[in-house]
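J.: 3D, please:
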Amino acid sequence: MTNFPKKIPLKVLTVFPCGRIVRFFAAAEAADELKSIARNVGNIERYLRQAEGILYNFATL
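T.: Numbering: from 1, shown residues only. Modelled structure (predicted):
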């Protein structure tokens, strides 16, 4: 008799790094943490774009 491994529940996560849509499967137990990390990366990207704009405006004074 073959013993199959227990099924791991999966969730599909959709993130938008650098303006691109990326979907991937993740274990349901880790999905919330991965979603939080992706949200933080998005925040960092947004802050960097804002800083770039501020530096550009400062340089053109």
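J.: Show me the helices in this structure, by range?
T.: Shown for the chain, the helices assigned by DSSP state H span residues 28-59.
J.: In it, where is pLDDT below threshold?
T.: Low-confidence segments of the chain (pLDDT under 70): 1-2, 4-5, 8, 17-19.
J.: Roughly how far does the residue nearest the centre of the chain sit from residue 53?
T.: Nearest to the mean C-alpha position of the chain, by Cα atoms, centre = their mean, lies residue 38 at 2.3 Å. Computed as Cβ to Cβ, to the nearest Å, the residue 38 to residue 53 distance reads 23 Å. The way it works is simple: take the backbone N, C-alpha and C, and place the C-beta from them, glycine included.
J.: Return the residues in contact with residue 57.
T.: By Cβ atoms under 8 Å, 6 or more residues apart in numbering, the contact list for residue 57 is empty.
J.: how far away is it from residue 49?
T.: Between residue 57 and residue 49 the distance is 13 Å, computed by Cβ to Cβ.
J.: can you check residue 25 too?
T.: Taken as Cβ to Cβ, the spacing of residue 25 relative to residue 49 amounts to 29 Å.
J.: hmm, back to that, ok, the residue nearest to the centre of the chain touching residue 21?
T.: No - Residue 38 is not in contact with residue 21 according to Cβ atoms under 8 Å; the separation is 11.9 Å.
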